[in-house]
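Novice: have a look; sequence and predicted model below, questions after that.
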Amino acid sequence: MSHLDRLRAVFRRALNLPSDACVDGLEYRAIPQWDSLAHMALIAAMEDEFSVMIDTDEMIDTSSFAKAVELLEKHGIGAAAV
């Protein structure tokens with residue numbers, strides 16, 4: 001499973017979305033499920049899934065699926081790790 005597929009699964013689990021929900025264009029607060037509490041759960045789930053530590057500034061900056069991908073790449077997961 002690619003890191004993107006793993007990240008999509010993390011988003012779906014943390015935001016309690018259907019397993020076939022498209023999350024690639026998702027942005028913070030664009031859906032009712034992604035509120036501030038769900039955001040904290042999402043960040044924690046990303047840390048667990050990818051064994052990374054996300055600092056406060058990064059947490060605040062993770063305002064979309066695309067930003068989450070960029071964050072993982074910054075931590076050496078995904079395209080930056082190739």
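Specialist: Right, received. Where do you want to start? Numbering: from 1, shown residues only.

Novice: so where's this structure shaky on pLDDT?
Specialist: 79-82 (pLDDT under 70).

Novice: can you give me the helices in it?
Specialist: Counting by DSSP state H, one finds helices in the chain at the ranges 3-14, 36-50, 56-61, 65-74.

Novice: quick one, which of those gets closest to Y28.
Specialist: helix 36-50 (6.5 Å; C-beta to C-beta). C-betas here are computed from N, CA, C, even on glycine.

Novice: gap between the closest one and the chain center?
Specialist: 7 Å (C-alpha atoms, centre = their mean, to the nearest Å).

Novice: quick one: neighbours of L72, just the number.
Specialist: L72: 24 surrounding residues under other C-beta atoms under 10 Å.

Novice: that one against E47, yeah?
Specialist: No: the pair L72 / E47 is not scored as a contact, 10.9 Å apart, by C-beta atoms under 8 Å.

Novice: wait, L17 touches Q33, no?
Specialist: Yes: L17 is within contact range of Q33, at 6.6 Å (criterion: C-beta under 8 Å).

Novice: more crowded one of those two?
Specialist: L17 (17 against 13).

Novice: contacting residues for that one?
Specialist: 11, 23, 33 (C-beta atoms under 8 Å, 6 or more residues apart in numbering).

Novice: need these in TSV (columns: distance to H3).
Specialist: Formatted as TSV, those follow (distance: C-beta to C-beta, whole Å):
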residue	distance to H3
F11	13
V23	14
Q33	23
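
Novice: so which of those is the closest to L42?
Specialist: Looking across the contacts of L17 and measuring by C-beta to C-beta, the closest to L42 is F11, at 6.7 Å.

Novice: give the contact list for the closest residue to the closest one other than its chain neighbours.
Specialist: Of all residues not flanking F11 in the chain, V23 sits nearest, at 4.3 Å (C-beta to C-beta, 6 or more residues apart in numbering). Neighbouring residues of V23 by C-beta under 8 Å, 6+ apart: 8, 11-12, 15, 17, 65.
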